[in-house]
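# Test case, fold it:
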Amino acid sequence: MQSLLFATGEGTFLTGSAVFFTQIVGLKATQVGLGLTVAGVVSFLVAYPMGRLADAIGPKRMWALGAFVQALMFVAWPFIDGFVGYLAMVVVVEIVQNAGGAGRGAYILDVMPEKERVATQAYLYSSLNVGFTLGAILGGVALALDNNELIRWLPLFTMAIGLVNAIRIHGLPDAPHDLARARRRAGEAEAPAKAARRGPGPLRNPGWMFVSLFGGTMWTNQVLLNVVIPLWLVQETDSPHWLLAWLFGTNTVLCIVLPAYTSKGVHTIGDALRRIRWSGAFFVVSCLITMVTHSTVGAVTVILVWLGHVTVTGAELALTSASWTFQAKLMDPHRRGEYGGVAEVFSTIGGRWAPALYTFLAMGWRPPGPSGLGWLVIAAIAVVASLGMHPAAYAAERFLERHGLAEGDGPAVAEPA
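Numbers count the residues shown, from 1 in each chain. From the prediction side, this is the model:
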C-alpha cells in the first residue's frame with residue numbers, strides 16, 4: 001500500500017512535468033535536460049555518503065525523513081519561475097530522493113525474512129507500476145483540462161500524498177538496525193555475542209563493485225525500452241506513431257502482472273545467474289528483432305517492433321529477480337546502506353553512457369557493410385556484461401564468506417561501522 005501511494009503521487013506529477021516545466025516555469029527543453037543532467041551528477045556523488053548515513057541513523061528513520069522532506073519540497077514548485085530556481089530544486093530533490101532511497105533499500109532487506117525478500121521485492125515492483133499507472137491517469141486528466149492554473153498547483157496534490165506516505169513509512173515496524181540504534185541511544189550495552197562483526201567495507205569488495213558495474217550495463221535494457229526503440233520506431237520504420245502507446249502499455253501491464261511469477265524459484269546465486277543469462281538472451285533477441293524492422297513494411301513492422309519491445313521487457317523482468325537476489329545474498333547485512341551506495345555509484349558508471357552511445361549505434365552509425373551493425377554492437381555489450389556478472393557474483397560471495405560477513409555468520413543486529 002505504501003508503494004502504491006508513493007507511486008501514485010509521483011506519477012501524477014511526472015506525467016504533467018514536461019508541461020509544468022516549459023509552460024509554467026518557462027524553461028526551454030534544453031534547460032530541463034541540463035538540470036536533470038546536473039542532478040544526475042549530484043546523485044552519483046552523494047550515493048555512497050547517503051548509504052553510510054542510512055547505516056548510521058537507521059534505515060526506517062532515513063527513509064521516512066527523506067520522504068517527508070521530499071513531500072514538503074513540492075510546496076515550492078508553483079513559485080519557481082526561472083532556471084536558477086529550477087536547477088536548485090532538482091539538485092536538492094535528487095539528494096533527498098537518494099537519502100530516502102538508501103533507507104528504503106536497506107529497510108526492505110533488513111526487516112524481511114531472508115526467504116521472503118525476493119518475493120517481497122516482486123510485489124513492491126508490481127505495486128509501484130500500478131501506482132505510476134494511476135498517477136499517469138490522474139495527471140492525464142489534469143492535462144486534458146488544458147488549464148495552466150490547475151497544472152501550476154498540481155504539485156500540491158503530490159505533496160499531500162507524499163506527507164501521507166511519510167506517515168505510513170513512520171508507522172511501519174522498526175527494522176533490526178533501527179532497534180539496535182534505539183538501544184544504543186538508551187545506553188543499553190550489547191552482549192559480547194551480539195557485538196558487531198567489523199569487516200572490510202564494500203569498497204574493498206571488488207566482486208560487489210563489478211556486480212554493480214555489470215548490473216548497471218544490463219539495466220541499459222531500459223534505454224532500449226524508453227529511448228532507442230521509440231526513436232527507432234519514429235525515425236527508421238513506417239510504423240504508426242500510436243504504436244508507442246501500445247508499447248508502453250504492454251510494458252506496464254507485464255510489469256504489474258508478472259514479477260511475482262518471474263521471481264519464483266530464485267533463491268541462490270546460481271539461480272540469479274541463470275536469470276542473468278535469460279536477461280541477456282532476451283536483450284539480444286530484442287536487438288535482432290528490432291534491427292530487421294528497418295527493411296519491413298506495414299503490419300509486419302508493427303508486429304516485429306511490438307515483439308522487440310516485449311522481449312526487452314522480458315530482459316527487464318529476468319534482471320529484476322536476479323538483482324533482488326544479489327542484494328539479499330551479496331551485501332554485508334551490517335552495512336546494507338553502504339553497500340547500496342556503492343552499488344548506485346558503480347551501476348551509474350556501468351550504464352549512464354548508454355542513451356548517447358546506443359542512439360548513435362542504432363541510428364547514427366553507418367559503417368560499410370550490412371545495415372544494422374550498430375544493433376549487433378549493442379547486443380554484444382549485453383552479452384559481455386552478462387558473462388562478466390558470473391565471476392563477479394561468485395567473487396563477491398567468496399569475499400563475504402572469507403570475512404565471515406555472510407548472513408548467518410554474525411548477529412542480526414549490529415553497530416554500523
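# Check which residues of stretch 116-129 are buried.
117-122, 124-129 (16 or more other C-beta atoms under 10 Å). For the C-beta atoms, the positions are set from N, CA and C on the backbone; glycine is no exception.
# Could I get the average pLDDT for stretch 72-89?
For stretch 72-89, the per-residue pLDDT values average out at 93.
# Check which residues of it are buried.
If you call a residue buried by 16+ other C-beta under 10 Å, then stretch 72-89 has these buried ones: 73-74, 77-78, 80, 83, 86-87, 89.
# what about it, how long is it end to end?
Using C-alpha to C-alpha, to the nearest Å, one end of stretch 72-89 lies 12 Å from the other.
# And for stretch 312-321, what's in contact with it?
The contact list for stretch 312-321 (C-beta atoms under 8 Å, 6 or more residues apart in numbering) reads 118, 121-122, 125, 215, 218-219, 221-222, 224-225, 229, 250-251, 254-255, 258-259, 262-263, 266, 272, 275-276, 278-280, 282-283, 286, 382.
# what do you get for stretch 294-304?
Stretch 294-304 is contacted by residues 236-240, 243, 289-290, 292-293, 371-372 when judged by C-beta under 8 Å, 6+ apart.
# Out of these, list just those in helices.
Counted as lying in helices by DSSP state H, out of the contacts of stretch 294-304, are 236, 243, 289-290, 292.
# Of those, keep whichever come out buried.
236, 243, 289-290.
# which SS state does residue 346 fall under?
Three-state assignment for residue 346 (DSSP: H, G, I helix; E, B strand; the rest coil): helix.
# and it, what does it touch?
By C-beta under 8 Å, 6+ apart, residue 346 lies in contact with 209-210, 212-213, 216.
# try it again with 7 Å
By C-beta atoms under 7 Å, 6 or more residues apart in numbering, the contact set of residue 346 is 209, 212-213, 216.
# do residue 328 as well
Residue 328 sits next to 109, 114, 117-118 when contact means C-beta under 7 Å, 6+ apart.
# Give me the pLDDT for it.
According to the prediction, residue 328 has pLDDT 89.
# what about the host helix or strand of it, distance to the chain center?
Residue 328 belongs to helix 298-330 when assigned by DSSP states H and E. Relative to the centre of its chain, helix 298-330 is centred 14 Å away, using C-alpha atoms, centre = their mean, to the nearest Å.
# Would you indicate which residues of that helix are buried?
Buried residues in helix 298-330, defined by neighbour count with 16+ other C-beta under 10 Å: 301-302, 304-306, 308-330.
# Residue 9 and residue 133, how far apart?
Residue 9 is 13 Å from residue 133, where distance means C-beta to C-beta, to the nearest Å.
# if you count what's nearby, which of these two comes out ahead?
Comparing residue 9 with residue 133 by other C-beta atoms under 10 Å, the one with more neighbours is residue 9, at 26 against 18.
# Find the residue closest to that one in space, skipping its chain neighbours.
Excluding the flanking residues, the one nearest residue 9 by C-beta to C-beta, 6 or more residues apart in numbering is residue 161, at 3.3 Å.
# Count the residues that sit near the one you found.
By the criterion of other C-beta under 10 Å, residue 161 has 23 neighbours.
# returning to what we had before: show the buried residues in the contacts of stretch 312-321.
When these are checked for burial by 16+ other C-beta under 10 Å, the buried set is 118, 121-122, 125, 215, 218-219, 221-222, 224-225, 229, 251, 254-255, 258-259, 262-263, 266, 272, 275-276, 278-280, 282-283, 286, 382.
# Can I get the ones in helices among the contacts of stretch 294-304 in a markdown table including distance to residue 393 and pLDDT?
Output for the ones in helices among the contacts of stretch 294-304, formatted as a markdown table (distance: C-beta to C-beta, whole Å; pLDDT from 0 to 100):
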| residue | distance to residue 393 | pLDDT |
| --- | --- | --- |
| 236 | 36 | 86 |
| 243 | 37 | 85 |
| 289 | 29 | 95 |
| 290 | 29 | 94 |
| 292 | 33 | 92 |
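# Tell me which two of the residues you listed sit farthest apart.
By the measure C-beta to C-beta, 243 and 292 form the most distant pair in these, at 16.3 Å.
# Return the subset of the contacts of residue 328 lying in strands.
Of the positions in the contacts of residue 328, not one sits in strands, assigned by DSSP state E.
# Now tabulate the residues you listed in JSON lines and tack on pLDDT and distance to residue 95.
Putting those into JSON lines (pLDDT from 0 to 100; distance: C-beta to C-beta, whole Å) gives the following:
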{"residue": "109", "pLDDT": "88", "distance to residue 95": "22"}
{"residue": "114", "pLDDT": "83", "distance to residue 95": "31"}
{"residue": "117", "pLDDT": "88", "distance to residue 95": "27"}
{"residue": "118", "pLDDT": "88", "distance to residue 95": "29"}
